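Colleague: Everything below, folded, please.
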Amino acid sequence: MRRRAALTAVVLASLMGSVVSATAALGATPHATKPPPYVFGINTYFTYNCQTAAQVNQWATTEVKQYKALHANAIAIAFPLYTASLSSNSVVAMESCTDTTEQTPPANFVGDVVKVAHHYGLSVLLRPLIDQQNLYSQSPGASRVKLHPTDVSQWFHNYLATLRPYLLMAQTDHVEHFAIQSELDSLADMPNWTTAISLTRGVYTGNIVFDYSWDTPTVKVDRPGTTLALDTYPKVSSPITATPAQLTAFWNHLFTTRTYYKVPTISKVTIDEIGIAAQDGAYGQPYKGRLTPTSVYKFNQMIQVNWFTAACSFMKEHRMKGIYYWGPWLSTSNGSMLAKPNPNKPSNIQPLAQRAIRRCF
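Modeller: Numbers count the residues shown, from 1 in each chain. Down below sits the predicted model:
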């Protein structure tokens, strides 16, 4: 059985509704909760293949309790959306009970995870991500940072149509943060974002996040009506013996000397994603989930420990808003973090790295 999220044919303005009418209809209220000194968060990636609500709630409860045990006060819930190719104008939610390449969770199921997080006292960041698996299959270098749709206006129309049910859910369930843009760096400077942000504000009154990839040439700017965030995968030419302090120093070197690593008012910025494989050689390729051959890139938990510690030090040194480490996939791990080292899952947060996160938090 296959169900695809319907895309409306209405014009963009009517798609999202006016600011006044949409806000009134939803009973929108300001999100005035005083934030903690730092956001200490962990990401989860929520994929869906028609699991039951009971299963999802059980996994979410297990995961949230483990995040709390690490002293997290926030969770980022990432979930996949899909596009056909780098040049496609389509952005769709796809779900299938049998096809693992179509795994968008329905908005109400994401809402169930939100409710679990809030029940245990975690704030929530929602992060829709354009899935990259089919893009990789078309070209090894393809990724969501390189999208170039043939009709940008149509792409934005489709993107907002697909986001709409998640924004409505976010408003209803009082989600604190919603990343309207994550790693779409080739589109990040498009003027269409001004209208997209305005229309989003008509539906959702929480914090709208604009999330750049830190290591791409796109110039990072503050967009009115949003807060700026970074997914941090800087390529560092450091030996496996590098200490956390040396890694932090290299991050600072990039930040102060490389044009596209500069960000405006860094103290207002959050690190929305930081991850790395627990393998030798990963400092130069932190964005890769697994490095091969494993005979060369040997399993090494200390790579994660040092990288995560360095990122935490960088965040605190610059008095940034906070940090979210990249955590487990909700469905494939049944909500559980690794209890013992697993070389077959090098990008999962290994046990020693969990301790480093706890020290950071």
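Colleague: residues in contact with stretch 127-137?
Modeller: Outside stretch 127-137, the residues that touch it by C-beta atoms under 8 Å, 6 or more residues apart in numbering are 43, 76-86, 91, 101, 103, 142-144, 147, 162-163, 166, 179, 182-184, 211, 272. For glycine as for every other residue, the C-beta is placed from the backbone atoms N, C-alpha and C.
Colleague: cool, and stretch 257-267?
Modeller: For stretch 257-267, the external contacting residues (C-beta under 8 Å, 6+ apart) are 212, 214-222, 228, 230, 234, 254-256, 269, 318-321.
Colleague: From the contacts of stretch 127-137, keep the buried residues only.
Modeller: Neighbour-count burial (16 or more other C-beta atoms under 10 Å) applied to the contacts of stretch 127-137 gives 43, 76-83, 86, 91, 103, 142-144, 147, 162-163, 166, 179, 182-184, 211, 272.
Colleague: Poorly predicted segments of this structure, please.
Modeller: Scanning the chain with the threshold set as pLDDT under 70 gives 1-36, 136.
Colleague: Longest helix in it, please.
Modeller: For the chain, the longest helix by residue count, based on DSSP state H, is helix 152-172.
Colleague: after it, next one along is what?
Modeller: Scanning forward in sequence from helix 152-172 by DSSP states H and E, the next helix or strand is strand 177-182.
Colleague: Parallel or antiparallel, which strands does that following strand pair with?
Modeller: strand 123-130 (parallel), strand 207-213 (parallel) (DSSP bridges).
Colleague: which one of the ones you listed is the most hemmed in?
Modeller: strand 123-130 (a mean of 24; mean count of other C-beta atoms under 10 Å).
Colleague: how about the helices in this protein?
Modeller: For the chain, applying DSSP H gives helices covering 12-16, 19-26, 53-69, 107-119, 133-138, 152-172, 192-201, 244-257, 301-317, 351-360.
Colleague: Pick the most deeply packed of these.
Modeller: The most buried one of these (mean count of other C-beta under 10 Å) is helix 301-317, showing a mean of 22.
Colleague: and that one, what does it pack onto?
Modeller: Counting contacts by 3 or more C-beta pairs under 8 Å, 6 or more residues apart in numbering; DSSP states H and E, helix 301-317 packs against helix 244-257, strand 270-274, strand 322-325, helix 351-360.
Colleague: got a list of contacts for that helix?
Modeller: Residues from elsewhere that reach helix 301-317, judged by C-beta under 8 Å, 6+ apart: 38, 232, 240, 242-245, 247-248, 251-252, 271, 274, 276-280, 282-283, 286, 320, 322-323, 325, 341, 349-353, 355-357, 359-360.
Colleague: Tell me which other helices or strands the longest helix of the chain touches.
Modeller: Secondary-structure packing of helix 152-172 (3+ C-beta pairs under 8 Å, 6+ apart): helix 12-16, helix 19-26, helix 107-119, strand 123-130, strand 177-182, helix 192-201.
Colleague: Compare those and report which one is nearest to Pro293.
Modeller: For Pro293, the closest of the helices and strands packed on helix 152-172 is strand 123-130, at 28.3 Å, according to C-beta to C-beta.
Colleague: Quick check: chain neighbours aside, which residue is closest to Asn192?
Modeller: Leaving out its chain neighbours, the residue that sits closest to Asn192 by C-beta to C-beta, 6 or more residues apart in numbering is Phe156, at 4.6 Å.
Colleague: my guess is that neighbour contacts Ile197, does it?
Modeller: No: if you go by C-beta atoms under 8 Å, Phe156 and Ile197 don't touch, sitting 11.0 Å apart.
Colleague: which one of the helices and strands packed on helix 152-172 lies closest to Val152?
Modeller: Judged by C-beta to C-beta, the one of the helices and strands packed on helix 152-172 that comes nearest to Val152 is helix 192-201, at 6.2 Å.
Colleague: now the residue nearest to Val175 when sequence neighbours are not counted: how far from Phe361?
Modeller: With sequence-adjacent residues excluded and distances taken as C-beta to C-beta, 6+ apart, Val175 is closest to Val124, at 4.9 Å. Val124 is 17 Å from Phe361, where distance means C-beta to C-beta, to the nearest Å.
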